[in-house]
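Undergrad: Kindly generate the corresponding structure for this input.
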Amino acid sequence: MAKEILTMKNIVKEYVMGDEISRVLKGIDLTVEEGEFLAVLGPSGSGKSTLMNIIGCLDVPTSGEYILSGRKIADQDEKSLAHIRSKEIGFIFQSFHLLQRQTALENVELPMIYANVKEKERKQRAMEVLEKVGLKDKMDHYPNQMSGGQQQRVAIARSIVNNPTILLADEPTGALDQKTGAQVMELFHELNDEGRCIIMITHDVHIAQHAKRIVRILDGNISEGVVEDA
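TA: Okay, here's the model as predicted:
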């Protein structure tokens, strides 16, 4: 039986805007198991980015309980949260978030610097994951010397280099053409087949259908079920 890696119970997120309180998440219940490939599907303004930030420990809920790998996130101090973000969650963003003055190899090494991995091991591991994502010949290239698809592969290599528990992908194909997006999704399938848990945030039904499970988020509420083509 698969082990639960992430549990959210009645997660509420509110923002105070002047005299008004805006409730963005309205009591989210969500469980994710080890090795799952989950898509969170929703339109702009549905609350999916807020949910992603809470899953990634970049934000905290107003109320409710979030348990990640057996730990209550509300009980963690900032140092512990930084460790979780560094070691346990690999982030993949729509706009890649690569450092323009660093090579592909140096970009992939970055999370290991924060994790205090020694230089020799850093280089070795960075080279291995770049080869894994098909960029063996691009290690010394800078982002502006690479296509969008290649840049996203560097970002994926960076996200897996610390062997995180969860890969959290925010619109990972949003800046790519259809063919390149399909290649990136193929890479996600390979990573998931190796047992990596992937949580993908997207507004695109066709991209969501690559996942093994889909939850819909709309107006701060989550529902589950079969998702048809739009």
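Undergrad: What ranges does this structure have for its strands?
TA: 4-17, 20-33, 37-41, 63-68, 71-72, 89-92, 166-170, 197-202, 213-218, 221-224 (DSSP state E).
Undergrad: for the residue nearest in space to the middle of the chain, what are its contacts?
TA: By C-alpha atoms, centre = their mean, the mean C-alpha position of the chain lies nearest to residue 168, the distance being 1.2 Å. Residues counted as contacts of residue 168 (C-beta atoms under 8 Å, 6 or more residues apart in numbering) are 52, 55-56, 89-92, 199, 201. For every residue, glycine as well, the C-beta is placed using N, CA and C.
Undergrad: Among those residues, which one has the most neighbours?
TA: residue 90 (28 neighbours; other C-beta atoms under 10 Å).
Undergrad: Now do the same contact list for that one.
TA: Residue 90 neighbours (C-beta under 8 Å, 6+ apart): 158-160, 162, 164, 166-168.
Undergrad: The helix of greatest length in the chain versus strand 197-202: what angle between them?
TA: Counting by DSSP state H, the longest helix found in the chain is helix 178-193. Helix 178-193 runs at 150 degrees relative to strand 197-202, counting by axes from the mean of the first three to the mean of the last three C-alpha atoms, to 10 degrees.
Undergrad: Quick check: mean pLDDT of helix 178-193?
TA: Regarding helix 178-193, the rounded mean pLDDT is 91.
Undergrad: Same check on stretch 54-70?
TA: Stretch 54-70 comes out at a mean pLDDT of 95.
Undergrad: just stretch 88-103 next, same as before
TA: pLDDT averaged over stretch 88-103 gives 91.
Undergrad: Can you name the residues bridging to residue 170?
TA: Note on residue 170: beta-bridge partners by DSSP bridges are residue 201.
Undergrad: Tell me, how many residues neighbour it?
TA: Residue 170, neighbours per other C-beta under 10 Å, totals 21.
Undergrad: now do the one 5 residues further on
TA: Other residues within reach of residue 175 by the criterion other C-beta under 10 Å amount to 16.
Undergrad: Please look at it and residue 93 and confirm they touch.
TA: No - here residue 175 does not reach residue 93: they are 9.3 Å apart, not a contact under C-beta atoms under 8 Å.
Undergrad: tell me the contacts of the nearest residue to residue 126 once chain neighbours are set aside?
TA: Excluding the flanking residues, the one nearest residue 126 by C-beta to C-beta, 6 or more residues apart in numbering is residue 108, at 4.1 Å. For residue 108, the contacting residues are 126, 129-130, 154, 157-158, 161, by C-beta under 8 Å, 6+ apart.
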